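Enquirer: coords please:
(one chain, ligands or ions: 3)
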Amino acid sequence: MDISLWRTLDAAANRASEGLRVIEDFVRYGQNDVFLTTELKSLRHQLDSTLQRFDRLQAITSRDTFGDVGTTVQGKLEHARSGWSDLLTANFKRLQQALRSLEEHAKLIDGEVAANFERARYLAYSLEKMVMTTVAASGVFPEVSIYVLTDGWADGQLFDTFVAQLVEAEVEVIQLRDKNLDDRTLLVRAELLRKRTAGTTTKMILNDRADLAKVSGADGVHVGQEELTVSQARSVLGIGKLVGVSTHSIDQARQAVRDGADYIGIGPTFPSGTKTFDAFPGVDLLREVAGEITLPGFAIGGIDLGNVAKVSAAGIRRVAVSGCVSKADDPGMVVRQLREKCQNM
Ligand SMILES: Cc1ncc(COP(=O)(O)OP(=O)(O)O)c(N)n1
Ligand SMILES: Cc1nc(C(=O)O)sc1CCOP(=O)(O)O
Ligand SMILES: [Mg+2]
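Expert: Residues are numbered from 1 along each chain as shown. Ligands and ions are numbered 1, 2, ... in the order given. I've put the predicted structure just below:
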């Protein structure tokens with residue numbers, strides 16, 4: 001094999017490994033994200049075992065770093081990164097370009113090896129989506145966040161009064177979840193919620209209905225395991241909107257990260273007066289998710305002022321509640337107390 005081909009493969013292999021290592025360090029030490037670190041590590045192992053098909057010594061022997069014309073042709077921007085997004089993007093691009101170069105040059109030697117590099121490149125594309133979405137979403141929902149689900153109440157006036165109290169208490173998210181109202185009435189409630197939350201820090205989410213979320217200008221939609229997928233919901237809503245997913249097991253939580261969800265609901269935690277369940281993954285699931293996933297996760301199901309300490313003790317300080325706030329004489333006060341209890345953990 002031509003020495004220049006060895007030299008090219010050596011340089012591309014080094015670039016791919018280095019880019020991957022920068023990203024891995026970022027999610028491992030910067031984010032403490034066990035799941036993403038594991039996914040990146042498995043790509044690194046796949047890459048290493050493919051590279052072992054080449055004679056490493058031959059590649060190193062052909063190396064000529066000082067004779068590389070590229071080392072002096074460097075853009076000014078190579079030495080500056082404007083933030084985490086720039087840093088990650090630059091290193092994902094480095095990884096993907098190097099994998100493409102490995103793939104194209106390997107085609108001259110071994111088609112099977114080239115196909116392995118192609119698979120690694122596709123994995124790198126989906127890892128980019130997972131990492132970028134997770135890091136961005138962590139900035140959208142504060143580490144302590146209160147998320148309230150509400151139905152449409154008996155009339156628009158009662159609904160509006162309730163929502164106004166929540167916004168006043170600076171609740172992070174309000175989800176409109178009503179399984180009984182007809183579409184037009186639901187849309188009128190959604191419009192009231194939009195008016196109350198516009199220009200505030202409270203995000204507005206619609207349950208189940210990506211179509212009505214789009215029409216009402218909501219900030220996002222929440223979908224369950226048997227409903228629209230994350231990408232289907234996103235294609236209805238358009239970019240820049242939030243898509244949350246319900247998860248009831250660690251595998252579903254991992255899949256939500258792979259699918260590029262902006263947050264997850266994790267539950268049911270405790271028996272709920274709002275919805276009936278046959279099984280409760282409970283605080284064990286909260287602990288499991290908290291131990292490996294940094295995509296924002298909201299514990300849900302029967303949470304109230306009496307048991308929220310168990311939720312924070314499990315490592316989750318974002319909570320989604322319905323009954324304990326909607327039945328309260330002073331909903332704003334309950335929101336503030338929930339927040340205080342989560343903050344004090
Ligand atoms: C924040 C949050 N988490 C979970 C759910 C439940 O969604 P789903 O499983 O689709 O059930 P329904 O709410 O549609 O009955 C949620 N709505 N919000
Ligand atoms: C709608 C819903 N989904 C859940 C899940 O675990 O997916 S628990 C739940 C009910 C949340 O209301 P409350 O705080 O009154 O129990
Ligand atoms: Mg649903």
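
Enquirer: For the rest of this, base every contact and every neighbour count on C-alpha atoms.
Expert: Will do.

Enquirer: after the helix or strand where Ala124 lies comes which helix or strand?
Expert: Taking DSSP states H and E as the criterion, the element that holds Ala124 is helix 111-140. Downstream of helix 111-140, the first helix or strand assigned by DSSP H and E is strand 145-150.

Enquirer: any idea how far Glu118 is from Gly260?
Expert: Noted for Glu118: a distance of 22 Å to Gly260, by CA to CA, to the nearest Å.

Enquirer: which one of those two has more residues nearby?
Expert: With neighbours defined as other CA atoms under 10 Å, Glu118 and Gly260 compare such that Gly260 has more, 24 against 19.

Enquirer: show me the contacts for the more buried one.
Expert: Residues in contact with Gly260 (CA atoms under 8 Å, 6 or more residues apart in numbering) are Lys129, Met130, Thr133, Thr134, Val230.

Enquirer: By mean pLDDT, which helix or strand of the chain comes out lowest?
Expert: Comparing every helix and strand of the chain by mean pLDDT, DSSP states H and E singles out helix 56-61 as the least confident one, with a mean of 73.

Enquirer: just checking, what packs against it?
Expert: Helices and strands touching helix 56-61, as assessed by 3 or more CA pairs under 8 Å, 6 or more residues apart in numbering; DSSP states H and E, comprise helix 3-25.

Enquirer: Show me what from the stretch 101-250 of the chain comes close to ligand 3.
Expert: Within reach of ligand 3 by CA under 5 Å from the ion, the stretch 101-250 of the chain has these residues: Asp208, Val223, Gly224.

Enquirer: Across the sheet, point out what pairs with the residue nearest to the first one when sequence neighbours are not counted.
Expert: So the one you mean is Asp208. Leaving aside its sequence neighbours, Asp208 sits nearest to Val223 (CA to CA, 6 or more residues apart in numbering; 5.1 Å). When bridges are taken as DSSP bridges, the partners of Val223 come out as Val245.

Enquirer: Do any residues in stretch 179-196 lie close to ligand 1?
Expert: No. Stretch 179-196 stays clear of ligand 1 (CA under 6 Å from any ligand atom), getting no nearer than 7.8 Å.

Enquirer: Residues contacting that stretch, please?
Expert: Applying CA under 8 Å, 6+ apart, the external contacts of stretch 179-196 come out as 152, 156, 159-160, 163-164, 167, 176, 178, 204, 206, 212-213, 216-218.

Enquirer: mind listing what's buried in it?
Expert: For stretch 179-196, burial by neighbour count (16 or more other CA atoms under 10 Å) applies to Leu186, Leu187, Arg189, Ala190, Glu191, Leu192, Leu193, Arg194, Arg196.

Enquirer: Keep only those of these that are in strands.
Expert: Among these, no member falls in strands (DSSP state E).

Enquirer: Okay, Phe141 and Val230: tell me how far apart.
Expert: From Phe141 over to Val230 the distance is 18 Å, taken as CA to CA.

Enquirer: which strands and helices sit next to the host helix or strand of Thr38?
Expert: Thr38 is part of helix 34-51 when elements are defined by DSSP H and E. Applying 3+ CA pairs under 8 Å, 6+ apart, we find helix 34-51 packed against helix 3-25, helix 111-140, helix 282-292.

Enquirer: Perfect, that will be all.
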